[in-house]
Each structure stands twice: as structure tokens, then as C-alpha cells.
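Novice: what shape does this take:
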Amino acid sequence: MDEDERPIWAGRDEDDEAPRRALPAKRRRRRWVAPLVVLLALAVVAAGGLFVYASSLQQRISENLDRTAELPDESLRPSAAPEAPGGDGAQPVNVVLMGSDSRGEGDAGRSDTLMVAHLSGDRQTAYLISFPRDMWVEIPGRGMDKINAAYAYGGTALTVATIEGLLDARMDHLAVVDFTGFIELTDAVGGVTVDNEHAFSSHGHDYPVGEVELSGEKALWFVRERKSLPEGDLDRAENQRKVVQAIVAKGISPQVLADPGRFTAFVGGIAAHTQVSSGLTDQVIRETALSLRLDGRDDIVSLQAPISGFGTSPGGASIDVVDEAQLAEMAEALQQDTMDEYVSTYPPE
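Specialist: Below is the predicted model:
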């Protein structure tokens, strides 16, 4: 398929050929991102369901959570990791997290958010690894292309196969979040407040610097806008993380928790906008929640899959060049459950 014939969600954007800025010496520390927050929120409410609103919460999750996200054919996948030596034998867990953005009937959606959440075997740390959409990688059966072209070529199954091939590590589960639907939860929680770093306007809405109240359409365009922001997609991703974090924080706030009907509706809304692979059952979510030993935000380490700079594809598109040596170290750390050592060597900026 020629570059100009590919759907927009295959990794091209209307200004793909614009000059790319130089690779920054330091990257801002990436904080909580949509799919990870959703997954953890599901785990928290599933565990919380043992104590608060038990039957209604469990029912909402069971009724609304779509378990049709496809993983690759088993014959094409890496073997499960052997039991880690020492400790209690608990296995690390790898979850592919994708953020889709369907904008209407007939729109297959875009997969601009792609990451892997690695829960350490001792469950004391979660590592969130984001993969820039323009990373130039090997896509099974398709050759070299931007990483999010995998979704256009073969949906979630090929996306997971691409990640597993890149890291030579098995992904245990998959979660796909309908980002547009999730943002609509701003109305369900009565709006959210975020700290806006860059003043801009979009689709009739103004966003001054400082605290901004968001809900509905105003929230949606806050997380979609990129052209008016100094760092484009990086700033847009930052805004997305802020809004999602604010939604979850408001959803589990005392005022919402104190209202059983409102909180149950919020939990159902999260589940309704999340599609997972069949293996992520209610029991698995509940057991994962109960096994977590995370004390706070410092136990969630955010980092990016390593790139060495920017380049141009044979077809003339802008791409992110993979740092092969560092990626090999990251892959080994995932396989051996030694991400703490990797982060010590390559601390997030």
C-alpha cells in the first residue's frame, strides 16, 4: 500500500512531512496515561467491589466490559516467561494498552496511544512504556513501517504481534480504550479541573493558562487539539493524561463514592468504553487488584521506548529511529523482570 493510500490512523497525519524538531536532550517525565489509568481503575473498583457496592459494581463490570479484543494466533507468539527465581514465584504481567479514537459510525478509529504496562512479579512497581506512533519497526508480514500502521493492517492482533516481536516477550493481556467515550465521563462526574500550561483556542472553546474547568465538548477538544500547541503531539498527549487522571481522581473522590448510584454509573462507564482480551476476566482483574502493592504515584514508573533521533522513511514520511542497543536492554529487562535495573541505568527525565 502506497504511503498516500494508507488510512490516517496508519501513522500519517496531515502535516507528517513538516520538519521534525531535534531530539530533545531531556524528555519531560511522562505521567499517568489513559489506558493504564483505566486498567488500574478497573482493578481498584473490582477490588473495592468486595467491600463497597459489591454486587452492583461487579455486575456493571461484567455487563459492560467488552472482551472481544483479539490477540495473535497462539502458534505465532513467544512462550510464557519461566518462573522467576527466588521470591514467591509470582509472575510479572505484561499488558498492551491501546487508545483508540473512533469519531463516528464507519470510522475504524486511530491507535495513536500505544504502550505496555509491566507489573513486576512482586507487584510493588508498575512500569508504563510508551511507543511513539512513528517508531520505524518490523511489522510481521508487512516489513518495515511505522508502529501504528500495524493496527491499520491487522487490528489489535497484529499490533500485539508487532510489540511481541520487537521485545521478544509475551504480552499477557490487551486493553483498548475508546478515548472519546472515556472523555464523555467528564459529564458523569460533574466536570473536572486541570492545570493548563499553554493558552490556546479550539472549536470555539478558550483554554487560558492556569486552572481550567472541563466537561463535555470542551473537554473533548482540549484533548484533541495539537496544532495550537508548541510541541504538537507531545503536548496533546500531556493534556490527555491530565484529563484522564482528573476523571479518575474525581470518580473515586469522597463525594462520588458517597453516592452509590453515581459511583456505580461511573464504573459502568469505564467498563463500557474499554475492550479487553478474553483472558482478562473478572477474576483476573480482581486477583490483580488484590495482589498490587503500589503505595502511590511513585510506584508507577513512566518511560518511553528508546529512540535515537528522527529520520525519513523510503516513502518520504517522518519517522522515529529506534535505538536498537537500548531497546535490546529494555527487552531483556522485561523478559527477566529486572526493569528496576534498566530504569536505574536509564532513569526517566
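Novice: state the distance from F266 to T281.
Specialist: Distance, F266 to T281, by C-beta to C-beta, to the nearest Å: 22 Å. From N, CA and C alone the C-beta is placed, and that goes for glycine too.
Novice: who has more neighbours, these two?
Specialist: F266 (24 against 15; other C-beta atoms under 10 Å).
Novice: which residues does that one contact?
Specialist: L185, A188, V189, G251, V256 (C-beta atoms under 8 Å, 6 or more residues apart in numbering).
Novice: redo those residues as CSV? Include pLDDT, distance to A219 and secondary structure.
Specialist: Below are those laid out as CSV (pLDDT from 0 to 100; distance: C-beta to C-beta, whole Å; DSSP: H, G, I helix; E, B strand; the rest coil):
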residue, pLDDT, distance to A219, secondary structure
L185, 80, 9, helix
A188, 81, 11, helix
V189, 85, 11, coil
G251, 77, 14, helix
V256, 78, 17, helix
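Novice: buried set for the helix or strand hosting T186?
Specialist: Using DSSP states H and E, T186 sits in helix 185-188. Buried residues in helix 185-188, defined by neighbour count with 16 or more other C-beta atoms under 10 Å: L185, T186, A188.
Novice: how about the last one, what does it touch?
Specialist: Think A188. G251, R262, A265, F266, G269.
Novice: in helices, which of those residues appear?
Specialist: Among the contacts of A188, the ones falling in helices (DSSP state H) are G251, R262, A265, F266, G269.
Novice: mind listing the strands for this structure?
Specialist: Using DSSP state E, the strands assigned to the chain run over residues 93-100, 113-119, 126-130, 136-139, 143-146, 173-178, 192-196, 200-202, 205-207, 210-214, 274-276, 300-304, 307-312, 318-322.
Novice: and the second one, which strands flank it?
Specialist: Looking back up the chat, that one is strand 113-119. strand 93-100 (antiparallel), strand 126-130 (antiparallel) (DSSP bridges).
Novice: before we move on, the earlier item: worst mean pLDDT among the strands of the chain?
Specialist: Ranked on mean pLDDT, the bottom entry among these is strand 300-304, at a mean of 80.
Novice: so that one versus strand 126-130, what angle?
Specialist: Inter-element angle recorded for strand 300-304 and strand 126-130: 20 degrees (by axes from the mean of the first three to the mean of the last three C-alpha atoms, to 10 degrees).
Novice: export the ones in helices among the contacts of A188 as JSON lines, with columns for distance to H173.
Specialist: Formatted as JSON lines, the ones in helices among the contacts of A188 follow (distance: C-beta to C-beta, whole Å):
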{"residue": "G251", "distance to H173": "22"}
{"residue": "R262", "distance to H173": "29"}
{"residue": "A265", "distance to H173": "25"}
{"residue": "F266", "distance to H173": "23"}
{"residue": "G269", "distance to H173": "21"}
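Novice: so which of those residues is the closest to A161?
Specialist: G269 (30.7 Å; C-beta to C-beta).
Novice: what's around the closest one, how many residues?
Specialist: If you count neighbours by other C-beta under 10 Å, G269 ends up with 21.
Novice: right, and it touches L185 too?
Specialist: Yes - assessed by C-beta atoms under 8 Å, G269 is found in contact with L185 at 4.9 Å.
Novice: next one, pLDDT for E341 please.
Specialist: E341 is given a pLDDT of 96.
Novice: so what's it up against?
Specialist: A333.
Novice: turn the strands paired with strand 113-119 into a markdown table, including distance to E217 and mean neighbour count.
Specialist: What follows is those, written out as a markdown table (distance: least, C-beta to C-beta, whole Å; neighbours: other C-beta atoms under 10 Å):
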| stretch | distance to E217 | mean neighbour count |
| --- | --- | --- |
| strand 93-100 | 19 | 23 |
| strand 126-130 | 27 | 22 |
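Novice: among the helices and strands of this structure, which has the poorest mean pLDDT?
Specialist: helix 34-48 (a mean of 55; mean pLDDT, DSSP states H and E).
Novice: can you add distance to L229 and give the strands of the chain back as a markdown table?
Specialist: Shown next, in a markdown table, are those (distance: least, C-beta to C-beta, whole Å):
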| stretch | distance to L229 |
| --- | --- |
| strand 93-100 | 18 |
| strand 113-119 | 17 |
| strand 126-130 | 18 |
| strand 136-139 | 24 |
| strand 143-146 | 21 |
| strand 173-178 | 22 |
| strand 192-196 | 10 |
| strand 200-202 | 6 |
| strand 205-207 | 10 |
| strand 210-214 | 14 |
| strand 274-276 | 27 |
| strand 300-304 | 18 |
| strand 307-312 | 18 |
| strand 318-322 | 18 |
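Novice: counting neighbours, what do you get for E329?
Specialist: E329, neighbours per other C-beta under 10 Å, totals 16.
Novice: does it touch M339 like I think?
Specialist: No - the criterion here is C-beta under 8 Å, and E329 misses it with M339 at 10.5 Å.
Novice: low-confidence stretches in the protein?
Specialist: Applying pLDDT under 70 to the chain flags residues 1-58, 81-89, 100-112, 233-234, 252, 294-298, 349.
Novice: hang on, the earlier thing: out of the strands of the chain, nearest to E164?
Specialist: Smallest distance to E164 across these (C-beta to C-beta): 8.8 Å, for strand 93-100.
Novice: restrict the closest one to CA atoms and write it as CSV.
Specialist: The C-alpha trace of strand 93-100 is given here as CSV (Å, rounded to 0.1, in the frame of the first residue of the first chain):
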residue,chain,number,x,y,z
VAL,A,93,2.4,-9.3,33.9
ASN,A,94,2.6,-7.5,30.6
VAL,A,95,-0.5,-5.7,29.3
VAL,A,96,-0.6,-4.0,25.9
LEU,A,97,-2.6,-0.8,26.2
MET,A,98,-4.1,1.0,23.2
GLY,A,99,-6.1,4.2,23.0
SER,A,100,-8.5,4.3,20.1
